Each structure stands twice: as structure tokens, then as C-alpha cells.
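**Student:** only geometry, no sequence info:
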């Protein structure tokens, strides 16, 4: 298929923003390449990062990727708020606005929230359960590189070929009307990264169920690990419907099948149905780990056990089961009958109950605790009231009849930002500050962190609270502009100012990271927060093999008891440790998928087939690979432990 | 690698047990893949536009042949695993070869069926029903085809290394995959073909 | 020879053929649509169970509890998806 050159290279259309963005990406990429070459770091990058199968390094790469995407998604948000700040604004065209809100949603959910969460999961879970790595380290790397492949495809779409523009939900038949290949980019990007996420689901279910330290029964697991086990079960069953929906959508776009067409029996609404069968569990996939992080932070900084451990577990199990039974609430107004809407209203209202149980358990944990207002704790304390506002507006939306008023207005936009940002974003930031010392051996600066928190938290409310009012006043979502007569102007302007505040807050946050890397004192003692989880019982920063000796657990509080001298955690002598070998094959797979996906987007079938060959090659290569890994010898372990920081008074 | 000789070879190391468990977990996701395909088929089954319906194009002989071939291949791969457990390695390998041959026959018939459907007007783009039918059958068929290549890879490793903990483990996991595809076919046979011909 | 073909496997194989033939009765029986669907459903579930227990050896694994939960959860989500989708999209209730 031949594309006119300015369809292919979108920046040739002359839009200054796109030209600017294209050049920044090129310059940024060039800077990285030049930097690596000048400092002769290619070998280091390859050996330590590109071919790693170490869960901690993979986690760090996930988070780095997420932070870059946070920046890109944030710019999208600023553009949207700028465009709607005044009535009849000409900042960006309606078409451009469509592309911006589409990419904003896709990037923030799939390439910011998911990787950030999965990154923290990767770093923390094996350590929390006393394991040395995940069950399938090679597959773990594959998951990462597939996510990157999907992310690259989506991110270059606005430069080459055209961005998707039908919303992150990509409803048919609108998605099929996209004039560029944007919708196919959407399909391929989600297809590839979705495979990676499904594999992560398998990996962590097996890891958590089979690789816990001796003595750690399921009901003695840390709450974060529990939340991840439940999350991964949801991942396992939620992503396949998305995969199928995407295959169907791709076939409609590329091969003229009739799944979601409006002719020959096609059913466009079926896309919405399948999308949300995945989409609803997806929001629980991003929020349950957040709940787990908050449980960890609250217990650490109120110096108390988590209140109601059993009900916390039960509530998450209930949420996971119910999460598959509520999806129709995303399209109450699409024309199905009253019985369907009633059924799903009931299940939707039901699912609020276990979350409520969790909030009360957290409050009970705080009650009479010795509260320490560290940065992670501030994010957690901020989460409780602000997320609750999002949650109760969710119950409002749950009522199908009422939802006919709220659906697809700014009220809805406010609701989901009120659960996603104080929920997921605050959580990953809290987790980021909380677990940073474990990985790097120094803390992030508290003062800058707290300033950033306050600016972000206040600005968040300034940005999104007006949207509740705007929605009730009748402003619909995804609207690039509005007339002055509607009266939507002032609140939108207020929202824009709030958005600028969020940007300032994040700028300070990033500056705080830079400042800490340069000036924060190193060599602090291990377990700097005096916390409860096993992840703090290693030497600090965590060595490659995690634990010199496998911990042996007998209660939920084993590490805490060990610090009080009441329990022995590490028995026996150090033995040599078996480690999996690095591999460059996952990287090859990621590159092959990127190139294959790119060719499919443009219907270049021969090149697509050619690039599919290395994908199959990697599978066969793996099958014939009998590499046994390598061993770290006792002497080396003792050496490493001697050089790292330990708990007060601890000898290796 | 510690080998536990009281367990069958495929379970005999910790890594082996992890891999088998991991594959079972993965099958949970695969169940959802096919459940979604069945959902789509159930919804689109009657939406034939101007094209043919199932009863017009399904031919019982081909369907029955596919079914009995696949059932037989499920039996043979079960015997393969059993043979390996009782030390009859050569018989096991022969049974694996037979499984793959039967699988190839299945795929061959299915390809013929697809041509037949196209000839009768049920091409991929004919109607929602046709698209859904071919996607469901095609996904299953693609899984079987992938399995053929996977099976050949294992066969080569068995010939080169003989039966050891790893090759036994791979064969067992392959057998789980193969049995699963047979279960999916049973549902296709019942709820696509028989339902269409009812 | 008898060693190679254990009774359980042979019985399983023959049962699956019998169940297949039983399922085919829906083509000739003169009963309601609902009854036919039930016949298909039961024969399919029985065959699936045969595969799971006799051939895939699900009950011999030390993790069998987890495996049962896995299959049950998958079946639950699958059924909710199919029935829920039919409810909304086809039966239009």
C-alpha cells in the first residue's frame, strides 16, 4: 500500500507541536546514544541491563520507562487543559485534540500505570517472600521487552503514520473511520504489550504460590504480596478477551472481516462489550497493587500491624471475583434492556463494599499508631480521603438510571481521575519513595518530596474537582471546545491552573530525585524505616542474589520479631547460590515484535512475514537452550555481604 | 539440580515442577481465550447477512474425521507420557510421532474445510458469522499447527539426548497443551458444528 | 503391549468416542432446543473431565488444589462472560 509521504511522516503536515515533539524525541535519542558512546558504556548497558533477567533490574527498567511515559502523558494532559481553558480556543484542532486524549489515556493506563506497578511488583515481591528471583526469570525479561515494543509502536504513531484518535476505548465503527493507520497502531501496540502482561501474570502467580520462604504460609504473606497474587489472577483471565477483541478489530481494519462493521451482520457494539470485559478488571489490576502498597506504608509508618488481615485478604478475593461481573456499567446507555442494566448496577454497587472494608481497616490501623509523616505516608494519608471521593462518585455512577445523566460527561472524567491518581499514582509514588533505599542504599530527600506531594495533592483537587461540577452542568467529555454561552469557561480555566500546579509538583519531584542522587548521604544502615517486611532483611543495597541465606519464617511478623531478638530468621551457613544466565534473546524478541508490528500497521506483508521469522526463531532457540545458569560461590557471597550495609549489630 | 527419583521424571526436579505448574496456570488464560471466541461466536452465529449459514456449509464427514483423529491423537500422546514413565522410551517416541502425524492430518482436513467454506461463500469477509466461525476454527487450528512445530522440536531433542528429566518435562507439558486443544475441539464440535446442524 | 496401553487410558479413549456419538444424537432426536443444548453441554463437560483427570493427570500433582481453583475460576469467568454477553447483546433483556 502506498502512502502519500506526508501521511507517513506526520511532521510534514506542518503542525508546530508535532514538529517540536519529533525533534525533541530525535534529539533526546541522539543524546542518549552519544552519551553512551562517549562514556564507553555500551558493553555495560548490554551486559547489565539489556540482557538482564534479574527481577530488580527489570523492575527498575519498567519504572524508568513509566516515568518517561508519565512525562509524555502529562504533556498530553497539559495540552488538553490548555485547549479547553477558554471557550472556542484554537490552540489545537479538533482532530489533534482527539489524538491527544486518545494517546493520553492509552499511555497513562497502559504504559505508565501498568509498567510502574509491574516494576514495583518485580522489585519487591520476590524479596517480600524471601525468594531469590521470580519463577521464570527469562520470561520476565520477555514480558518487559514486549511491553517496550508495544510502547514504542504507540509512541511513534504520531510521528510516522498517524496517531489513533478514537479514544483509548477505540469504539467501532468510529475506530474504523480513522483516516490514518492510527487504529492499527492501537491494535498492534496493545496486542504485543498484552502478551507481555499475560506472561507476567503467569510468572507471579507461580512465584507467589511456589517460591515463598519456608514457613511462609499463604496467611502469613505480606499484604502487598497478597494484593499482587490476586491482581495477577485477574490479569490471567482478563487479558485474553482483550487479545481476542484486538485480533478481531485488526482483522476488520486489515482484512475486511465483519466483526464490528455495520453491514453483513457485523455488530459494532460487540467491541465495546469485549473491550470492557477486559477494561473493567484492568482498573482493578491497577488499583489492587496500589492498595497493597498502601497497606505496607501504613503499617511501616504507624508502627502497627495491619488491622483485619483476614478481611483484607477476603475483600481482595471478593473484588477479584466481582470485577468480572460489572463491565456493562461502562456502557449503560448503549441500548440494552433494563434487566441487564439492573443486574450490572447491583454487581457494581456490591463491589464497592469490599473496598470500603479496606478503607476502614486502614483507618483502624492508623488509630492509636505512632504516625510518622514521611513522604510515602503523606501520599497514603492523602489517598484515603481523596480516593474515597472518587469511590463514592463511582457508586453514584453505578446506578444505571442516574448514569444516563452522568455518562460520558466531565463528571465521569473527574470520577476516574479521582480514583486513578490518588489511587494508583499516589501509590506508585509512595512505593517509589518507600522502596528506593532498599535498592540504592540512600533515601530520597524528604523535604523536596513533601513539597512535591503537597503541590501535587492540592493541584490535583484544583484540576479535577471543577470537572464534577462541569459534568453536572452538562459538559461532555472528549470535547475539544465549547461556546462561551455554555458558561463552562471559568471552571475549565481553574482546572487548567490546577494542571499547571501538578506539572510544577512533578517538576519538583524529579528535581528531588536528581538532588538526592547528588547529595543524599550514602551508607545509611539497612532497614532505614524500621519496617516489617522481609524485603528489608537483606543487606542494603540489595545484592544480585537477594538473600545470602534463605530466611525461615514462622509468623506474619518474623522480621519484626527477629529485630526484637524473639525469632531466628537466618539459620545455617551460607551455601553457593544458583543464578540464571543473562540472555539477549528477549531483547531480540522485543525488537522483532516492534518491527513486525510496524509492518503490519502499514500492511507491508512481505516484510511482516520476514520479521515474524525471528520471533519464531527465539521460541525455538529457547526450546533448544539447555543453559544451566551459573553459581555464585560462598567466598564471593561473604565478600559482598561484608561490603554492604546491615542492620544494627548484624553479622553475616 | 536435585532429582527426586520417587516422582515421575517430568516432576523430578523443582524447576520441572515449577514449569508444569506454570503451564497449567497458562492454560487458565487459554481457557479464557477460547471462552471469548465462543462468546463472540454465540453472539454472531445468526448474523449471516447475505451469506450462507452453518447448516449450508458444514459437512458431517469432515467434521467427524477431524474429531476422531484428534481424539485418537489425544490418546496417543497420553500413551507417550505413560510409555516414558514406565521406561519404554522408544515406544513413547513412536507414539509421539504418531500424535504429530494425526495432528497433521487434522490440520490438512481443516484446511480443506476452509477451502470448501470459501467455495460455498463463507469467506472471512462474507459476514459476521463467517468471520467468527473462521476466527474460532482458525485460532484452534493455529494452536494445533504451532503444536506440530513444538512437537517436532521436542522429538529432535529426544532423539539427540534421549529421555532425561528435561525432555520428559517438555513432553509432559506438550501433552497438557495437546489434551487442552482436544477439549477445546470437543466444545467446537458440540457448540459450533452440532449446534449448527441441529 | 498391555503395559504400553493401560486400562485407564483405553477406557478413557473409548469413553470419549462414546460421548462424541452421544452428543451427535442431537442431530436426530426430536426434543426441545434447550434439551439439546443440555445434552451437548453435559457430554462436553464429561469429555473435558475425562481429559483433565485421566489424561492430564490433574489430580496427581502436589498442587492439585491450586489447579482445581484455576480451572474453576476460568470456568466461572468464562461462563459469566458468555452468559453476560448473550444477556446484553442477544437476548436484549
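**Tutor:** Good, I have the coordinates. In this text, all values refer to a predicted model and were calculated from it rather than measured experimentally.

**Student:** quick one: pLDDT of the residue nearest to residue B:65 when sequence neighbours are not counted?
**Tutor:** Nearest non-adjacent residue to residue B:65, counting by Cβ to Cβ, 6 or more residues apart in numbering or on different chains: residue B:109, 5.7 Å away. Heads up, the C-betas are built off the backbone N, CA and C, glycines and all. Residue B:109 is assigned a pLDDT of 97 by the prediction.

**Student:** how far away is residue B:109 from chain A?
**Tutor:** Residue B:109 is 23 Å from chain A, where distance means Cβ to the nearest Cβ, to the nearest Å.

**Student:** residues in contact with that residue?
**Tutor:** Contacts here follow Cβ atoms under 8 Å, 6 or more residues apart in numbering or on different chains; on that basis residue B:109 touches B:62, B:65-66, B:69.

**Student:** three-state assignment of residue A:215?
**Tutor:** Secondary structure, DSSP: H, G, I helix; E, B strand; the rest coil: residue A:215 is coil.

**Student:** which non-adjacent residue is nearest it?
**Tutor:** residue A:553 (4.0 Å).

**Student:** does that neighbour touch residue A:130 like I think?
**Tutor:** Yes. Look at residue A:553 against residue A:130 with Cβ atoms under 8 Å: they come within range, at 6.6 Å.

**Student:** find the residues that touch each one of those two.
**Tutor:** Common neighbours of residue A:553 and residue A:130, counting by Cβ under 8 Å, 6+ apart, are A:213, A:216, A:534.

**Student:** quick revisit: burial of the residue nearest to residue A:215, as a residue count?
**Tutor:** 24 (other Cβ atoms under 10 Å in any protein chain shown).

**Student:** over to residue B:129?
**Tutor:** Applying other Cβ under 10 Å, we find 24 residues neighbouring residue B:129.

**Student:** tell me how far residue A:193 lies from chain C.
**Tutor:** Residue A:193 is 21 Å from chain C, where distance means Cβ to the nearest Cβ.

**Student:** check contacts around that residue.
**Tutor:** Here residue A:193 is in contact with A:110-111, A:146-147, A:149-151 (Cβ under 8 Å, 6+ apart).

**Student:** and it, what's its pLDDT?
**Tutor:** For residue A:193, the predicted pLDDT is 97.

**Student:** chain B: strands as residue ranges?
**Tutor:** Here chain B has no strands by DSSP state E.

**Student:** just the helices from it, written as ranges.
**Tutor:** B:14-44, B:54-57, B:60-85, B:89-119, B:128-161, B:165-188, B:195-197 (DSSP state H).

**Student:** how about those helices, which one is nearest residue A:411?
**Tutor:** Closest approach to residue A:411 among these is made by helix B:14-44 (31.0 Å; Cβ to Cβ).

**Student:** other SSEs contacting the closest one?
**Tutor:** Using 3 or more Cβ pairs under 8 Å, 6 or more residues apart in numbering or on different chains; DSSP states H and E as the contact test, the elements touching helix B:14-44 are helix A:182-210, helix A:223-255, helix A:268-302, helix B:128-161, helix B:165-188, helix C:64-89.

**Student:** where does the chain dip in pLDDT?
**Tutor:** I went with chain A, as the question did not name one. Applying pLDDT under 70 to chain A flags the ranges A:1-4, A:6, A:645, A:647-652.

**Student:** can you look at chain C instead?
**Tutor:** Residue ranges of chain C with pLDDT under 70: C:93.

**Student:** tell me, how many residues neighbour the closest residue to chain A within chain B?
**Tutor:** Minimum separation of chain B from chain A (Cβ to the nearest Cβ) falls at residue B:47, amounting to 2.9 Å. Neighbour count for residue B:47, taken as other Cβ under 10 Å: 21.

**Student:** what do you get for residue C:10?
**Tutor:** The tally of other residues near residue C:10 (other Cβ under 10 Å) stands at 14.

**Student:** neighbour-wise, which of the contacts of residue B:109 leads?
**Tutor:** residue B:66 (24 neighbours).

**Student:** next, give me the two most distant ones among the contacts of residue B:109.
**Tutor:** Among those, B:62 and B:69 lie farthest apart (Cβ to Cβ), at 10.6 Å.

**Student:** that older thread, from chain C, how far out is the residue of chain B closest to chain A?
**Tutor:** Counting by Cβ to the nearest Cβ, the gap from residue B:47 to chain C is 10 Å.

**Student:** which stretches in the stretch 301-450 of chain A count as helices?
**Tutor:** Per DSSP state H, counting those that start in this stretch, the stretch 301-450 of chain A carries helices over the ranges A:309-322, A:338-366, A:375-398, A:400-406, A:410-419, A:426-440, A:446-473.
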